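# model this:
(2 chains)
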Amino acid sequence: DQQVKQNSPSLSVQEGRISILNCDYTNSMFDYFLWYKKYPAEGPTFLISISSIKDKNEDGRFTVFLNKSAKHLSLHIVPSQPGDSAVYFCAAILQGGSEKLVFGKGTKLTVNP
Amino acid sequence: DAMVIQNPRYQVTQFGKPVTLSCSQTLNHNVMYWYQQKSSQAPKLLFHYYDKDFNNEADTPDNFQSRRPNTSFCFLDIRSPGLGDAAMYLCATSRTSGSSEQFFGPGTRLTVL
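Next comes the predicted model:
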């Protein structure tokens, strides 16, 4: 039973435009959320995170928005660059200091020049 | 550069033949994790070590075992691989538990013939 859902397997965006990757979760006990980026033949690398006490976190071109009432978060990339082409995983951590990351299936982003 | 290293990157084994995957880290992190990722699926946590304390996920098959002889190394042993165990196996580390960034290795792709 998927507790973290990324319903779009793929997304294609033009260079310079905004990329919006979406993630939904079902467990209200999640209190920390992370986005990971994965290039082919490499392991996932941490991109940005957000605590459940916030609704927005920004780091350069990357912004994560959290809507707790809707159990929804999104990653915005502005402006998108061809080097951003990768698989993006949404992940969540349960309250209580759990070590366990619960991942979504990922969204493959392609940024076209 | 401090990093998480996985060897081998590709492993082929025969049905039922024991196989060991290895992971080492130069980050001196307390926590080491093993994830299984099947094609187009989310990475799934198998187990983790917090220092020497082993934590198994409830749904991890008994066929999967792990050893952590010291801080730097962690091994994944598959006692009798089945065709369904073919997957990418990802090792990750984190400095502490809870809301802590995890650093991933490049993964070992296991093929079972």
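
# who's whatever residue of chain B ends up closest to chain A bridged to?
In chain B, the residue that lies nearest chain A is residue B:104 (3.3 Å; C-beta to the nearest C-beta). No exception for glycine: its C-beta is placed from N, CA and C like everyone else's. Beta-bridge pairing of residue B:104 under DSSP bridges involves residue B:92.

# give me the pLDDT for residue B:13.
Note on residue B:13: pLDDT of 95.

# quickly list what it is bridged to.
Bridge pairing for residue B:13 - DSSP bridges - gives residue B:112.

# that one contacts residue B:109, doesn't it?
No: with contact defined as C-beta atoms under 8 Å, residue B:13 does not count as touching residue B:109 (11.6 Å).

# picking up where we left off before, what sits against the residue of chain B closest to chain A?
By C-beta atoms under 8 Å, 6 or more residues apart in numbering or on different chains, the contact list for residue B:104 reads A:36, A:43-45, B:4, B:90-92.

# do residue B:76 as well
B:20-23, B:34, B:46, B:64-66, B:89, B:91.

# the residue nearest to residue A:44 when sequence neighbours are not counted: neighbouring residues, count only.
Setting aside the residues directly before and after it, residue A:44 is nearest to residue A:36 in space (C-beta to C-beta, 6 or more residues apart in numbering or on different chains), at 3.8 Å. Counted with other C-beta atoms under 10 Å in any protein chain shown, residues neighbouring residue A:36 total 25.

# over to residue B:113?
Going by other C-beta under 10 Å, the residues that sit close to residue B:113 add up to 10.

# distance of it from residue B:89?
17 Å (C-beta to C-beta, to the nearest Å).

# OK, contacts around the most centrally placed residue in chain B?
Nearest to the mean C-alpha position of chain B, by C-alpha atoms, centre = their mean, lies residue B:34 at 2.9 Å. By C-beta under 8 Å, 6+ apart, residue B:34 lies in contact with B:23, B:45-48, B:64, B:66, B:74, B:76, B:89-91.

# coming back round to it: what's the ChimeraX line that selects buried ones from the contacts of residue B:76?
The ChimeraX command for the buried members of these (criterion: 16 or more other C-beta atoms under 10 Å in any protein chain shown) is given here:
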select /B:21,22,23,34,46,64,65,66,89,91
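
# need the contact list for residue A:38.
A:44-45, A:86-89, A:106.

# counting neighbours, which of those residues comes out on top?
residue A:44 leads the contacts of residue A:38 on contacts (other C-beta under 10 Å) with 30 neighbours.

# identify the residues contacting that residue.
A:36-38, A:89, B:43, B:90, B:104.

# try it again at 7 Å.
A:36-38, A:89, B:104 (C-beta atoms under 7 Å, 6 or more residues apart in numbering or on different chains).

# and the residue in chain A that chain B sits nearest to, how far from residue B:3?
Closest to chain B within chain A is residue A:43: 3.3 Å, counting by C-beta to the nearest C-beta. To residue B:3, residue A:43 is 10 Å away according to C-beta to C-beta.
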